[in-house]
Every structure is written in structure tokens, then in C-alpha cells.
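In: My questions concern the predicted model and sequence given below.
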Amino acid sequence: MSAEGPPPAGGTAEGAYAERFATESDEIGAARARAERLPGPPPVAPSVGAMLSVLAASVSARSVVSIGSGGGVTGLWLLRGMRPDGVLTALDGDAAQLRAARTAFTEAGIPQSRTRLIFGTPGEVLPRLSPGAYDLVCCSGPPRDYADQLPGLLDLVHPGGTLVCHGLLAGGRIADRTVRDPQTVAWRELARTVREDEDLLSAVLPVGAGLLLATKRPTAAR
């Protein structure tokens, strides 16, 4: 195990401590080094991965979906917190990222029966997944890649299940009303929709580049 990790997103002493606290296994470290050489969004920071692992463990997650494979870094953290018989479904529209994830899972000794890797965009893949069958759905990468699919993403989780979106606090852009680039606007709209949905309990955590959490109320009927 190594306490070394990438520089904290916020550059603060508190952020640096959070990253050091979240120690990564050798397998996750190797997956991170591989993923960082690929084009596209960087893999989640150790503090984010640790939070995802805790979330998965807190609900004894058996079925989890990862939107954006992150070269396997996200998946390995999620699998760490999932039940031993849990199955992770990872989808990605980038074939190189998906291949890296497959390599990461193989090197970590994860049985093939515990992972399902699907090439495609959320719009293409979500209709093929079973509604209400998942404990946790994690989204990473640019929000415009999946924001239009928010109803479908929420339909995947059962009452008590949680949707997690990573990256909304990156660069402090969402809080700066003068920033109007398409991705920031997408984050604002996504966050507003989640916050105003009475069937959801939601929160923003300033971990890594920021986590938006939305949990379906156990009594919500859909």
C-alpha cells in the first residue's frame, strides 16, 4: 500500500491530507499510472475513490454501474467496497479506456464474473440495463456526456439507491456566475434538477473535484 497520490485538486493542506489518507493499493496505483497516459478525463483522485468505496460498502452494494470507466481506477475502488459477490457494470464510449479497465481488473485478480464491460454511450447503453436493479450508479467525465440521460440514470437505482456524479466543483467554475461554458451550464442544470426533485435526498461533497449525491427516498414510488 502507498500513501502517495496525485496533487490535491484544491491545492489546500486539507485536500493534501485527504489524498494522503486515502491509500491506494499497488493495483490501483498501476491502473492510475496507465489511465493518466490516456486521452480523456483523468482518473478520480484517491479521496474520491475512497468515498466511492465507502458508499458502496454502506449499502452492501451488489449491483453497481460506472458511467465512464476511468481506466479501471473507479471500478477498483468500487469493487473494494462492494459485496464479494457483487457485479460491476462499467460502460465507456472510449475503447482505450475500456481496454485499460479490463487490464486493471485482470491484474488485480478480479474474477471475470464480477465485471461487465460495455462499449457505448449512456444513450446507447442505458436502455439495455434493468430499471430499479442497481444499488449505486457513478458518473464521471463531462456532464454533457450523460446529463440528458438523467431520468434513465435515476431509473436504474432502486428506492434507497444512490446516483453519484463527480466533477461539478472542478476549477470553482460552477460557483462563478460569469462562467457560461457548456459543461458548466450542464453541471448547473444537473445540480438544480437533482436538488428540486422531491423524490431525492441530495448533497454536494467537496471531495476531489466535487461529488453530487442523489439518493432515492425509500418511500418514493416510480
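Out: Looks like it came in fine. Residues are numbered from 1 along each chain as shown.

In: now for the lengthiest strand in the chain, which elements pack on it?
Out: Looking across the chain with DSSP state E, the single longest strand is strand 157-166. Counting contacts by 3 or more C-beta pairs under 8 Å, 6 or more residues apart in numbering; DSSP states H and E, strand 157-166 packs against helix 46-58, strand 134-139, strand 211-216. Bear in mind the C-beta positions are built from the backbone N, C-alpha and C, glycine included.

In: rerun that using 6 Å as the cut-off
Out: strand 134-139, strand 211-216 (3 or more C-beta pairs under 6 Å, 6 or more residues apart in numbering; DSSP states H and E).

In: got the contact list for that strand?
Out: By C-beta atoms under 6 Å, 6 or more residues apart in numbering, the list of residues contacting strand 157-166 from outside reads 48, 132, 134-140, 153-154, 211-216, 218, 220.

In: tilt between the helix or strand following it and strand 157-166?
Out: Of the helices and strands lying after strand 157-166 in sequence (DSSP states H and E), the nearest is helix 182-196. Orientation of helix 182-196 against strand 157-166 (axes from the mean of the first three to the mean of the last three C-alpha atoms, to 10 degrees) gives an angle of 140 degrees.

In: quick one: least confident helix or strand in the protein?
Out: The helix or strand of the chain with the poorest confidence is helix 13-21; it has a mean of 85 (mean pLDDT, DSSP states H and E).

In: ok so, going back, which parts of the longest strand of the chain count as buried, going by neighbours?
Out: Using 16 or more other C-beta atoms under 10 Å as the test for burial, strand 157-166 gives 157-158, 161-166.
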